[in-house]
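**Student:** the sequence and its predicted three-dimensional model are supplied below.
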Amino acid sequence: MVGDYGYVLLAMAAGIVFVLISLFLTWLLAPSKPTVEKLSSYECGEEKVGTSWVQYNFRYYIFALIFVIFDVEMIFLFPWAVVFRSLGMFALIEMFIFIAILILGLFYAWRKGVLRWI
């Protein structure tokens with residue numbers, strides 16, 4: 001049993017050593033002649049105007065996270081719907097509980113005003 005873990009640790013160590021050697025060789029051999037043009041940000045050929053540090057409202061991130069959460073949770077409904085008949089009544093009750101939790105989460109986000117875009 002210890003031998004199996006030893007193989008795993010050996011493979012992990014070999015992977016880490018390989019990455020470190022690759023990074024070191026890249027640092028050692030890569031040419032490094034920074035110029036103003038190379039250090040400036042490139043935006044599809046457009047000249048940079050102003051600073052790149054722009055503050056966004058955190059609601060955009062929360063809105064996107066809520067979308068991802070509900071989108072991923074809806075993906076779980078499709079496999080369940082495919083095998084629904086073979087699962088029986090217990091799976092139907094479980095899915096109603098699952099959907100109820102999702103609806104409660106959506107209602108909570110709505111009440112907190114997270115879904116308002118303004």
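**Tutor:** In hand now; what should we look at?
**Student:** can I get the CA coordinates of stretch 49-56 in CSV?
**Tutor:** Output of stretch 49-56 as CSV, limited to C-alpha atoms (Å, rounded to 0.1, in the frame of the first residue of the first chain):
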residue,chain,number,x,y,z
VAL,A,49,-5.9,56.2,-23.8
GLY,A,50,-5.9,56.8,-20.0
THR,A,51,-5.1,54.4,-17.3
SER,A,52,-5.9,50.7,-17.5
TRP,A,53,-7.2,50.7,-13.9
VAL,A,54,-11.0,51.1,-14.2
GLN,A,55,-13.3,50.3,-11.3
TYR,A,56,-16.4,48.3,-12.2
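**Student:** what about it, distance to the chain center?
**Tutor:** 24 Å (Cα atoms, centre = their mean, to the nearest Å).
**Student:** now for this protein, the helix or strand with the poorest mean pLDDT.
**Tutor:** helix 36-39 (a mean of 77; mean pLDDT, DSSP states H and E).
**Student:** for this structure, what spans make up the helices?
**Tutor:** 2-29, 36-39, 58-75, 77-82, 84-87, 89-111 (DSSP state H).
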